Every structure is written in structure tokens, then in C-alpha cells.
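[1] coords below, sequence missing:
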């Protein structure tokens, strides 16, 4: 168990504030623009629908900026970025920044590959509300030594706390580090969200869709720390529930969406 | 309950003609070319396989026209259109028109975004057999005031009947409006297909894949009204069955494919 | 039942060597770079995670070569190839060849469409360890008369054995032909892997993901015939298990991933 005694607070499900945010999200169904990788495009839509958001993946260079102005939140995930995608992402981020649409950056595999690390840095210039990644990605983006292996984290989330704090201070974004314990920091406060289950790392997209859920919570909480915390808390709870209702990784993915869909409704 | 008393006829499962078409589709397994959005690419293939069609997603500018000539039916869905996709879609539509391959256009989020609205209009020049959308999209395409919110419909399907009739007359396409009741019109007759379940709006792709299923029925029925009706009828039936065999939206999506796969086989 | 008496050997689950390779794969979790079609991008990641591999889909022209050097194995599948993808695939294949990263080519629908047939031939110049396809694709690539219908095979796998042997001799790649019986040949030996279930052809991606699994086995077996055999054997076993634990094609896909995930762990 990693040490999270230095956290300002620890939040777990059931948590009254998280439940209230979740209910408000289901009621308001925020239009969430997402530009994500091809691997999780479907899973992201189904996860966002499951929690009650209204998702739309709009990726054309001709449309991404226009839609980022209309939407209530935006997620940009560089997982399968191409140079066409990069152009659309930069337009969306610039428009979001200008229109004050709150947005989340997920710099998948930053540090492991030069091109996406550079594009991610450019994107950060458009002031994301939240930067979410695993420890290796946060270490890489923060300028520390990462050594990301594919999209998996080889460093523990606790090992990236100092880098996360520094990145938050440098960028004014809230930084969320996913791992056995999720850590969320604005540079000063540090929230720890324990829980979840190791099987969550054995289906694709639990990290990527977590970033999307954080985006959907942004217009609900009007507070990036609270948005990242609420998303992490329901993910940990849904992961634990799904593990109990599944056999292997195939049925886990299905049960996970069910759990997100039904959480707090009983 | 919307008013569908002005419908020429109302069709529900079980329906003998629909069952016959479904059996013929399973036997003939029509090669269905589809160019759809990244979000539902997988779900579309699995839905088409579940009903017995033979799907292939071919999206290269170099290949889309060639394949639209070989295929027995074509679906074009502009959900995550890029300018590369637009070029391939226009080539596929032109080739389908020339080779008399019947095809379906799904103008996702038309009206909400200028680029795709324009491309959708260009595509309509190549004479789709069916235009399928939700009420907002049909209103927008028909020139009426839409106000589409993302890919969701904010107007009821009944509210788009007049626009659908007008669009059918203007384009000579059959127009299918999805909603609590699905309406299908060639400008004169109006078929109403009630049924389904509200949970169908909480998984991604029930609308998008419905367009693909309509495409697969085109070479079976040789009649666009009948193709759109048969597809809508089995969708409503599968949605109701799946809702009984699922817990949340995750298991619903799985049960929905099972229901399409097993419908009428017992 | 096709005749496989001319096979050098026949392998079925349970098989001690396959189980050992599977255990080693789970332990070493080889970083598997894949460039596949949009239809199966998610399913491929979940299948690779289910067997214990570490997948990453990297498709940018700017990154594909760099990542193919880092990865321990590579899959290239031309299913929804575009000209952007083709450029990335050629860079990845060239880098893999130079860096001695073993790789698998899946020439989906080769023979049916000119563009991908030409790109597939170019890719073969970079010496894949394995070429995997259905009978029509292998016949087409081998220069014989194919007549592929979409991505389905209209010829039986047994009918492609001679073409597979010739292709193996011509290219020095191991050739794997999927069908009711899978055949694997290096030009001399011929391994037959019977089993599986016909329902596997009714969900998308059982062939495409099989190629990815073969790639993940390459750094484990250090022998392409053994990698292709191990992948085919666990696929046949998982297909049979999943069929027993499912109702229709929707639940089959879920049960199939569960079966791959749990195979040999009880």
C-alpha cells in the first residue's frame, strides 16, 4: 500500500459530495466534446452515457474549434494522435481556451515518443483545467525522468507526487495521477483516492475514459480538484463492484459500465 | 405518447413480412459497405454480422469508390467526418449512384456544424435510397430550424414529420426519423414503428447502426420504405428484449446484439 | 471435415508447449505495437491485455517507426487502410526490419482491392515473420486466383495450402491460413490446428486479433511457426469455451475475451 499520509484528504465511495455531483451530472447531462484515440472512442461514449453525460466525438480540423465553443466540456487524449488529429486538437484547445470551455488533457505515452510530447506541451499552452496521466506520463510532462513503457505506468503514482505538484504550479492546471491510489493536486492541496481493482489495468481505456469523466464533471463542480476527485471516486467504486460481478476481463468491461450506470441509484 | 394516427400504417414485431425479410437477409448475407464514424465502427460490424449481413468498412480515397461498386449496399455516416473521410464518402456515393448500389445516408449532427451539413447536402446529390436521422437532423437537413444538441435529438420525431415528407419529396429519398416512434416516409405514405426502450438512447450507436441495418435490407426488399421499416421493427423488438435481459447500459449493449442475432430463430 | 492428413503435425488444446508459452507471455508481458483497422482497434487491445501482453496502437507517420524499434513485436493489419496509414505502416515495417522487431502482416481483403494488395506487397519487402490471412487473402497474395468477398473467405483453408507453401518459400515468412482448420507453414512443415466454432466468424475481429496474438507470441517463442501455432491453439480453445458460455454473438464476444483471459489458469 503506498503511503498517502501526506495527502490533505482521502476520499472514498460512498461520499456525499460525489453523489451529489453525480446526481447533478445525470440531471444536466453536460455536452462533452471529446477527441480521443481510436482504441477507446466507443468505450468513452458508452462510459459518458452511462454516467449521464452527453458525449460527441468531433475530430475534423474544420469542426473541432467550432464544437469546442458549443460544448460544456472538452477532453483531448493523444493516444493514437496523427498530424491531422494534432491540428484538430490544437484548434479545439485554442477555442476552448478562448470560449472558457473547461478542458482535460490526457497526454498518453508522453515521454515515450517525441512527437506527442511536443504536441502535448503545445496543448498545455491553452490552459487545460486538468492534466491527467499515469505516473510515467506526469513525470515525463513535468520534465522529470519518466521511462514510460507503452501506455502503462512503470512508476508508482506516489512516486510522481512531487512532479505532479510542480506541474500544477508551473501550468496552473490541476494534475491527476492515476495508479493504485489516485492523487489529485493543484500544487497545494493533495487529494488521495484509494480503491479500485488491479483488473482495471487489464482492460483498455480505464485511464482514458477517466479523463473524459473528469471533463464531464468540470461544468458540474466548477472546480477542477472536485471534478477530478469525483471522477476518480466513482471509478474506484465501479471497479470494485464490477470485479465482484465478472469472471474475466471481458465481462469486467461490461460490468464496469453497468456499475457506472447504476452507482448511487439503488 | 406521440400522435401517430396520421400514419398510413403502424408496424410492430412480430410482423410476418419483416420476419421473411430477416430470414432472406440471413440466407443471402448481403455484402454491405459501410463508412461510419470511429465511435461505432466495431459495433456496426457486430450488429451487421448479428443480423446475418456481411459487413466491410472500406474508407480509403483509393478504394471507397471501387468497393461501393462491388458491394450490394452502402451506408455513409458522417459522425466523425474528416476532410479525408469526406473525399472518400463522395467517391463512394458517386460510385454507388453510378453502379446502382442502393445506399443510406446518416447525416449525424447535421445542422449543428456547418462543414458536415454542407458535405451531407453534397452527398444527397448522389441520390441515397434512404436518409436516416433523428428529428433535429432531419429538420436541419430539410431546411427547417433544428437546433441539434450534439448527436442527440432535442425535438420529438413526430415534430419532424412534415420536414421529413418535404425532404422526401425534394430528394426522392425515403426519409426515416428515429425517436420514441420511428417514422418512415416516401413523401406520401407514412409508416410508424413504435416500441423500443428509452435505454437505447443511453448506449452509443443505436441510431448509427440502425442506418447500417437499413442498408443491408435494401438489396433484400428492393424497396426503401420496406427496408427502413424492417430495420426499425427489429430494432424496436431487440431493444425491448435486451432491456429485459440486462442490468445497466453495459449489459444492455451485449444483450441487444444477442437479441438481434436470435430474433425470430426460436 | 477438411483433410489435414498431409499435415506434419496437428496441435490442439490442452497442449503443454502452448501452455508454457502462454504462461511465459503472461509473465513477460511483451510490448506489442499494433497498427490495425478502426473496426477492431478496441477489441485488439482487450484481447492482447486478456492474454497478458502490453499493447499500444501507435499510428502517426511521425511515431510509427520510432515505436516499432522500441516494441518487442509488431502487427500491421490493412483492414481500413488509408494513404496516411499506408505511410505509417511502411515506416513501421521498415523500422521493424532494421531493428529486428519481429512482425506479423495481416493483408485483409488483399486481392479484392488493388490499393491494399499493392501496399501489402510492398510491406512484404520488409520481411514479416508471419503472414496471416484467410484462404482468399493468401491465395490472392500468393498470386493465385482469390476472389475474396469482403473480408470473408469464400475458399476453404485447405484449398490454400499449396498457395501458402509457395508464399512461405517465396517470402521466407511463415504463412498462417485461418479457417475451419488453421494451417501454418514455413514452406516445409505444415501444422494443422483444428477446433474453434463457426460462431467465431459472426463477430468481427476474430481473425484480425489472432494476428495480433501471433505477434505477441513472437518474442516468447522466438520461432514464427510456434508463435502462430500457440495463438491458433488458444483461439480454438477459447472459441469453444466461449460458445458454451454465451447465448448469441453479443455475449459470445464477451465470453471469448473471458476465455482467453482465464485459459490455463484454473
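    Thanks, I have the structure now. The structure displayed is predicted, hence computed values, not measured ones.
[2] which residue packs closest to residue A:22, ignoring adjacent ones?
    In space, residue A:22 comes closest to residue A:264 once its chain neighbours are excluded; the distance is 5.6 Å by CB to CB, 6 or more residues apart in numbering or on different chains. Yep, even glycine has a C-beta here, placed from its N, CA and C like the rest.
[3] what residues does chain A put near chain B?
    A:31, A:38, A:41-42, A:45-46, A:49-50, A:54-63, A:66-67, A:70-71, A:84, A:88, A:253-262 (CB under 8 Å from any CB of the partner chain).
[4] which stretches of the stretch 51-200 of chain A form strands?
    A:54-57, A:73-77, A:103-106, A:130-134, A:174-178, A:182-185, A:190-193 (DSSP state E, counting those that start in this stretch).
[5] list the buried ones in stretch A:180-191?
    A:180, A:181, A:182, A:183, A:184, A:185, A:186, A:187, A:190, A:191 (16 or more other CB atoms under 10 Å in any protein chain shown).
[6] let's see which of the residues of chain A next to chain B end up in helices.
    A:41-42, A:45-46, A:49-50, A:66-67, A:70, A:84, A:88, A:253-262 (DSSP state H).
[7] from memory residue A:233 sits against residue A:16, does it?
    No: Residue A:233 is not in contact with residue A:16 according to CB atoms under 8 Å; the separation is 11.1 Å.
[8] more neighbours: which of the two?
    residue A:233 (27 against 7; other CB atoms under 10 Å in any protein chain shown).
[9] so what's the more buried one up against?
    Neighbouring residues of residue A:233 by CB atoms under 8 Å, 6 or more residues apart in numbering or on different chains: A:11, A:12, A:13, A:15, A:18, A:193, A:195.
[10] now swap in residue A:236 and tell me
    Residue A:236 neighbours (CB under 8 Å, 6+ apart): A:12, A:13, A:182, A:193, A:194, A:195, A:196.
[11] who wins for most neighbours among those residues?
    Top of these by neighbour count (other CB under 10 Å): residue A:193, with 30 neighbours.
[12] I figured that residue hits residue A:184, correct?
    Yes: using CB under 8 Å, residue A:193 is in contact with residue A:184, at 7.0 Å.
[13] how near is residue A:239 to chain B?
    In this structure, residue A:239 and chain B are 13 Å apart, going by CB to the nearest CB, to the nearest Å.
[14] that residue and chain C: what is the separation?
    Distance, residue A:239 to chain C, using CB to the nearest CB: 15 Å.
[15] what sits against that residue?
    Going by CB under 8 Å, 6+ apart, residue A:239 touches A:195, A:196, A:197, A:199, A:200, A:206, A:256, A:259.
[16] count the neighbours of the third one for me.
    If I follow you right, that is residue A:197. Neighbour number of residue A:197 under other CB under 10 Å is 19.
[17] before we move on, what about the fifth one?
    Applying other CB under 10 Å, we find 23 residues neighbouring residue A:200.
[18] same question for the last one.
    A total of 26 residues lie near residue A:259 under the criterion other CB under 10 Å.
[19] would you say the residue nearest to residue A:22 is within a helix?
    No: Residue A:264: not assigned to a helix; according to DSSP: H, G, I helix; E, B strand; the rest coil it is coil.
[20] contacts only, for the residue of the stretch 151-266 of chain A found nearest chain B.
    Using CB to the nearest CB, the closest approach of the stretch 151-266 of chain A to chain B is made by residue A:257 at 2.9 Å. Neighbour list for residue A:257: A:46, A:47, A:50, B:248, B:249, B:250, B:253 [criterion: CB under 8 Å, 6+ apart].
[21] show me which of those residues neighbour chain C.
    residue B:253.
[22] going by distance to residue A:126, which of the contacts of residue A:257 wins?
    The nearest member of those to residue A:126, counting by CB to CB, is residue A:47 at 24.5 Å.
[23] state the distance from the most centrally placed residue in chain A to residue C:158.
    Central residue of chain A (CA atoms, centre = their mean): residue A:211, 1.6 Å from the mean position. Distance, residue A:211 to residue C:158, using CB to CB, to the nearest Å: 48 Å.
[24] now residue A:7: which helix or strand?
    Using DSSP states H and E, residue A:7 is not contained in any helix or strand.
[25] what is the neighbour count of it?
    As a burial measure, residue A:7 scores 19 neighbours (other CB under 10 Å).
[26] let me see the contact set for it.
    A:183, A:190, A:191, A:192.
[27] measure the second one to chain C for me?
    It refers to residue A:190. From residue A:190 to chain C the distance is 29 Å (CB to the nearest CB).
[28] the third one now?
    The spacing between residue A:191 and chain C, counted by CB to the nearest CB, is 28 Å.
[29] that residue: what's its closest spatial neighbour, skipping adjacent residues?
    residue A:184 (4.4 Å).
[30] that neighbour is in contact with residue A:230, isn't it?
    No: assessed by CB under 8 Å, residue A:184 is found out of contact with residue A:230, at 10.1 Å.
[31] skip the chain neighbours and tell me the closest residue to residue A:97.
    What sits nearest to residue A:97 in space, not counting adjacent residues and going by CB to CB, 6+ apart, is residue A:126, at 4.1 Å.
[32] since that was my last question, I'll sign off now.
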